[in-house]
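Student: Sequence and computational prediction follow.
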Amino acid sequence: MMITTVRGSFGDVDGTLEIEEADAPTARGEIRVKTASINTGFGARDEHLRSADFFDAATWPEIVVRFDGVEPVRDDRYRVNADVTIRDTTRTVPFEVEYVGTTTNMKGGRHIAFSATAKIDREDWGLTWNMALEQGGWLVGKEIKILVESSPTRLRSPPGASEQRRLRPARPPRLHPLRSRRARQARRSSCPAIPRVRVR
């Protein structure tokens, strides 16, 4: 398991994005993720992730991500410093965001698509559970890669007001804690283990 990447996703995600297309840096938004909706494809592992060792979904049913403002980097790329709350801890996390494009559906509704990536240390949120391995190292790595892929649908755009969109992830958010440093050295082509909002 030391050289295995565990991928997963959250199936229950909602949120809003407020954006003035003529002034994208003023965009702000909020994403709410139901922790109990974690799915890594293995029931026993998912139950463990929902337990008090990790997300403690019974006590803290949501992960909340909030941001207010966007920093242009180049072309269609931006940086967003978002406040991420897991359990009872909030940390600021830098996300690298790419604007994918805008389209209009058959009913005339507009969609804006973007993807965002970030890396976090799970222990910064008190998710410290681990298990030592006989051959050395630890069962679960500290680093988690997050991928958010979303194509919000427009709710309304009153005259003179910013456009509000309902966030509907193109794919459910994914998470994955990476395994040990030794594992990464042993097999660089593999990212050790849990959450891309894709979890890798």
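Tutor: Noted; the coordinates are in hand. Please read these numbers as outputs of a predicted model, since none were measured by experiment.

Student: pLDDT wise, what is residue 167 at?
Tutor: Listed pLDDT for residue 167 reads 54.

Student: Just confirm residue 47 is within a strand.
Tutor: No. According to DSSP: H, G, I helix; E, B strand; the rest coil, the state of residue 47 is helix, so it is not within a strand.

Student: ok, it - contacts?
Tutor: Shown in contact with residue 47 (Cβ atoms under 8 Å, 6 or more residues apart in numbering): no residues. For every residue, glycine as well, the C-beta is placed using N, CA and C.

Student: Per-residue pLDDT of it, please?
Tutor: We have a pLDDT of 98 for residue 47.

Student: if I look at it, how far off is residue 128?
Tutor: For residue 47, the distance to residue 128 (Cβ to Cβ, to the nearest Å) stands at 19 Å.

Student: show me the contacts for residue 113.
Tutor: Here residue 113 is in contact with 99, 100, 101, 102, 103, 149, 150, 151, 170 (Cβ under 8 Å, 6+ apart).

Student: now it, what's its secondary structure?
Tutor: Here residue 113 is strand, with the state taken from three-state DSSP.

Student: Which strand runs longest in this structure?
Tutor: In the chain, with assignment by DSSP state E, the single longest strand is strand 89-104.

Student: can you list contacts of that strand?
Tutor: Strand 89-104 is contacted from outside by 67, 70, 73, 76-84, 110-118, 120, 124-126, 146, 148, 151, using Cβ under 8 Å, 6+ apart.
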